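A.B. asks: sequence first, predicted model second:
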Amino acid sequence: MEDKFYTVDQVAEMLKIHPKTVRKYVREGKLRGTKVGKQWRVTGHDLSLFMEGQENLVPENFHEVTHDYSVSDNKSNNTNEKISVSTVIDIVVKNRDELDRISNTLVAVMNSKDPEYGNSTINIQYIEKTHKLRVMLWGTIYFTETLLNCISVLTDNND
């Protein structure tokens, strides 16, 4: 009987995890894979064995919420777009209200679609295990400065 081969992307989609995580499992030997050309392939049998041993792949108390928002203005002739900035901000939040207040405000600022934001992106992720709100910004200096100032104001009274 011939076993079906799956690509890393197909395995990631089936397991609802990121392809980089699948590659990490293959590198660490947790998931058996075969290199075909420059890509990894996983057999259906190896995937089944992996899943049998990984019943608790995601802990029950793990809760991750990810929101992606992006603003893009391809018509912008802003010279600041020659410089791109990326940054990651981890904010410890006390409760759900604080989480919602900060994330909703950042989304509102992002949705203002200021043309000076250029081709900018925000990614907001809540990691419940550590009570951290992770904000990832990519874009112009103006965009990053604006969002960092906003985060500073939102978190100033949380000492």
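C.D. replies: Happy to help now that I have it.
A.B. asks: which residues in the protein form strands?
C.D. replies: In the chain, the segments counted as strands under DSSP state E are 5-7, 34-36, 39-43, 64-71, 85-92, 120-127, 132-139.
A.B. asks: hey, least reliable of those strands by pLDDT?
C.D. replies: Out of those, strand 64-71 stands lowest, with a mean of 52 (criterion: mean pLDDT).
A.B. asks: so for Lys20, which of the strands of the chain sits nearest?
C.D. replies: For those, the distance to Lys20 is smallest for strand 39-43, at 11.8 Å, taking C-beta to C-beta. Yep, even glycine has a C-beta here, placed from its N, CA and C like the rest.
A.B. asks: got the buried residues for the closest one?
C.D. replies: 40-43 (16 or more other C-beta atoms under 10 Å).
A.B. asks: adding distance to Lys94, write these out as a markdown table.
C.D. replies: Formatted as a markdown table, those follow (distance: C-beta to C-beta, whole Å):
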| residue | distance to Lys94 |
| --- | --- |
| Trp40 | 42 |
| Arg41 | 46 |
| Val42 | 42 |
| Thr43 | 47 |
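A.B. asks: so which of the residues you listed is the closest to Asp90?
C.D. replies: Trp40 (31.2 Å).
A.B. asks: need the phi and psi values for the residue nearest to that closest one when sequence neighbours are not counted.
C.D. replies: Nearest residue to Trp40 in three dimensions, chain neighbours excluded: Gly33, at 4.3 Å (C-beta to C-beta, 6 or more residues apart in numbering). Per-residue torsions, Gly33: phi -140, psi 160 (degrees, to the nearest 10).
A.B. asks: okay, Gly33 and Gln10: tell me how far apart.
C.D. replies: As judged by C-beta to C-beta, to the nearest Å, Gly33 and Gln10 stand 12 Å apart.
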